[in-house]
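> the sequence isn't on hand, but the structure is:
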């Protein structure tokens, strides 16, 4: 057995942090070397639950091969820069940054530092998405003509609805998953964006309506609904669907279909819920990062991907503001 | 007993004829069609009905109670004018017309002659959609925020002289197919302010493969993603779905996933959705009741024109590559 890969976590602000801590503590070939956070109490508590320590950032970075950045969007730049300075590999929560300039600067920083760096993109590890990619590459749809996707979710609350920390609402949070998948499957970039947005569901200072109509670089239309439109009482966290229509056929995937309907009368949360059985895609994303550190290569979704996806999000906000179709500037 | 004259002998005319057969106090007495199959059509649906080569000779020979226009869209104006000018109540298939000018001419002739006139927006008579409308009206989703409606299937290759395949005649999916959703959503949510639509169209052995998404912004701020397709492979039979998300709740209906009745026998499989009454039957019964009594048709001529206006705005948006205000539609 080779030496374990030493991985830490920077910031515990993101709702996924605990899931990542659990995964890191469970991987056989990983030593979970600690958590650094502006909020030492939160880091200490989480560290204790998963057999590691809360440590000062510089000390943790001196000890780690790689770190997972779980801060709010607006502070990704600071945390990633510290890791890059220390020559430590990075897996950053999505979206990379609230603006294209910031995202581009992060990508440049990582490249200049020569570290391996990328973003958490769980859907890339969904068997449904991999099947879609395989069938698409085999030519099942013929010439691509139309792409439609959804990634509707519940309103996450917390810093996700703070314009200063998140940089926006549903457009910021729920555009990049399906966008990343479409860029990967089709090997095309988004050229134009039209957005209908607004705040219709919640009393929050950011958008919760996110309905986009885009054009890919080969001219294919691509629409996406990534609104925070699911009620809190919905039977699952949200959905991830994608349909690729071409001259020969249609490939369609829907994550909510891989689920069991569970009804419970008792306990803290009675009612009906869906229990997904399609796999733990966060596990895939973290596993890929650990392998990337060991193999000295970038994670599957790179900082360049993150920068390009940030450009699309920025164009969507510009369109929502102006009411016009906006060219994406990379 | 109300006597009905039917114009048309195609796919949708067959659906009308089958519905009249199921309605106790209606009788299909005459059929006019330019197509050669009208005797075969009559034998199947209404063996006692007389058949005619065109609408004018039918009305010269027969004096029905109501006229049902179930012909291609581009022929609606001429046929509605013919019937309404002679004072007949008229039911006309959707969409009302393929241009605003034709639609307004239809409105004028119906009003001048004071006849009962309705456009058959059958989705308003579909049980699940009607239930959704009632739930939204009752506040069960709170204030609507985002709606998603879809209506997808293979190209309708049964049209007379392939009229569905001619964009000038049918308007493709934005005018012919998702006008169902445009009308339903105007009825359920309200007036549409602007439309951004994208279409992809190609031909495949004479079939017009047309796929479109229209994103609607309603005057109250609600956003709708409306998808229509004639570009699906033959293996993907026609399916429709709708979701209404509001600030207090969510309604989801997926007709494609619905398998309430199944029959498997040997190599054959059958999935069905038996109901006491089809949407078409409910629509025709409603119209006949309006003709006999004082009730106003559920779909006013203004409603039919406004739904077509959304379709025309969507077509124009797709053409121009930018959003179009529904009030901009002038032709």
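That came in fine, so what should we check first? None of these values were measured; they are calculated from a predicted model. Numbers count the residues shown, from 1 in each chain, chains lettered A, B, ... in the order given.
> which residues of the stretch 201-331 of chain B lie near chain A?
Among all residues of the stretch 201-331 of chain B, those adjacent to chain A (criterion: Cβ under 8 Å from any Cβ of the partner chain) are B:202, B:204, B:209, B:211, B:213, B:215, B:217, B:221-223, B:225, B:227, B:229, B:231-233, B:236, B:245-250, B:321-323. From N, CA and C alone the C-beta is placed, and that goes for glycine too.
> 7 Å instead, please
Where proximity means Cβ under 7 Å from any Cβ of the partner chain, the interface of the stretch 201-331 of chain B facing chain A comprises B:202, B:211, B:213, B:215, B:217, B:221, B:223, B:225, B:227, B:231-233, B:236, B:245, B:247, B:249-250, B:321-323.
> for ChimeraX, what selects the buried ones among those?
Selecting only the buried entries of these in ChimeraX, with 16 or more other Cβ atoms under 10 Å in any protein chain shown as the criterion:
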select /B:211,213,215,217,221,223,225,227,231,232,233,236,245,247,249,250,323
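> now, the residues of the stretch 201-331 of chain B next to chain A that are in strands?
Those of those mapping onto strands are B:202, B:211, B:213, B:215, B:217, B:223, B:225, B:227, B:245, B:250, per DSSP state E.
> quick check: the residue of chain B nearest chain A.
Chain B approaches chain A most closely through residue B:145 (3.2 Å), counting by Cβ to the nearest Cβ.
> what's the neighbour count on residue B:135?
Using other Cβ atoms under 10 Å in any protein chain shown, residue B:135 has 16 neighbouring residues.
> please report phi then psi for it.
Here is the backbone geometry of residue B:135 (degrees, to the nearest 10): phi -60, psi -40.
> excluding residues flanking it in the chain, which one is nearest it?
residue B:251 (5.9 Å; Cβ to Cβ, 6 or more residues apart in numbering or on different chains).
> quick check, that neighbour in contact with residue B:138.
No: using Cβ atoms under 7 Å, residue B:251 and residue B:138 do not qualify as a contacting pair, with a distance of 11.2 Å.
> ok, the residue of the stretch 51-200 of chain A found nearest chain B - contacts?
Here the residue of the stretch 51-200 of chain A nearest chain B is residue A:200; by Cβ to the nearest Cβ that distance is 3.2 Å. The neighbours of residue A:200, taking Cβ atoms under 7 Å, 6 or more residues apart in numbering or on different chains as the test, are A:208-209, B:143, B:145, B:221, B:247.
> also residue B:26?
For residue B:26, the residues meeting the contact criterion (Cβ under 7 Å, 6+ apart) are B:2, B:4, B:20, B:288.
> just those residues: which are in strands?
The strands, defined by DSSP E, take in B:2, B:4 from the contacts of residue B:26.
> give me the buried subset of the contacts of residue B:26.
Using 16+ other Cβ under 10 Å as the burial test, these include B:2, B:4, B:20, B:288 as buried.
> my read: the second one touches residue B:66, true?
Yes: look at residue B:4 against residue B:66 with Cβ under 7 Å: they come within range, at 5.5 Å.
> tell me the contacts of the residue nearest to residue B:135?
Residues touching residue B:251, when contacts are defined by Cβ under 7 Å, 6+ apart, comprise B:132, B:135, B:141, B:243-244.
> which strand residues bridge it?
The residues listed as beta-bridge partners of residue B:251 by DSSP bridges are residue B:244.
> chain neighbours aside, what residue packs nearest to residue B:81?
In space, residue B:81 is closest to residue B:109, 4.9 Å off (Cβ to Cβ, 6+ apart).
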